[in-house]
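Student: need coordinates for the following:
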Amino acid sequence: MSGNGVKKVAEMAVKAGKTIDWEGMAKMLVSDEARKEFNTLRRAFEDVNHQLQTKFSQEPQPIDWEYYRKGIGSKVVDMYKEAYESIEIPKYVDTVTPQYKPKFDALLVELKEAEKESLKESERIEKEIAEMQEMKKKISTMTADEYFAKHPELKQKFDDEIRNDNWGY
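Tutor: Predicted coordinates:
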């Protein structure tokens, strides 16, 4: 990969690192195991990102051919210089990203939809838990009428069974 291509990759990694909402993702984790795995992933990402920013984003130092001419001799150095300058490093042509970008974008849309559904389901479950906790507090003093007021479908079921002479045995 050419120096220019490596710089672009390093720049993209820096941008990607800045756009990741690590704190937001960390808030969504519920278990200690998940937090541990998440922190490991974050450290690995930051290590790779740091390497891309430091090692691979720097241009190599130019070769001081005169220094070598003094110590080795100009004929050998000229031969190496000519060979060095004749080397052509091919430019990296990305043929993979165009193939997978539409699939990735579709997955992102699907992910956002799944996230919305998950948040709705979380809200529903939290509401249900709150109702259960409230019922737990009141269950010892609750009358059947109060219970059936909260669960009319059960009252209808029992009324139907009684009406049809179905006494459960």
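Student: alpha carbons only for contacts and neighbour counts from here, please
Tutor: OK.
Student: the bottom helix or strand of this protein by mean pLDDT?
Tutor: Sorted by mean pLDDT, DSSP states H and E, the helices and strands of the chain end with helix 3-19, the least confident at a mean of 61.
Student: list the buried ones in the helix or strand just after it?
Tutor: Per DSSP states H and E, the first helix or strand lying C-terminal to helix 3-19 is helix 22-27. Residues of helix 22-27 include none that count as buried (16 or more other CA atoms under 10 Å).
Student: and helix 22-27, what does it pack onto?
Tutor: helix 32-54 (3 or more CA pairs under 8 Å, 6 or more residues apart in numbering; DSSP states H and E).
Student: packing partners for the helix it packs on?
Tutor: helix 3-19, helix 22-27.
Student: that helix: what's the following helix or strand?
Tutor: helix 65-71.
Student: which elements pack onto the helix or strand just after that next one?
Tutor: Sequence order places helix 74-86 as the next helix or strand after helix 65-71, per DSSP H and E. When contacts are defined as 3+ CA pairs under 8 Å, 6+ apart, helix 74-86 packs onto helix 65-71.
Student: I'd like the average pLDDT over the helix it packs on.
Tutor: In this model, helix 65-71 has an average pLDDT of 88.
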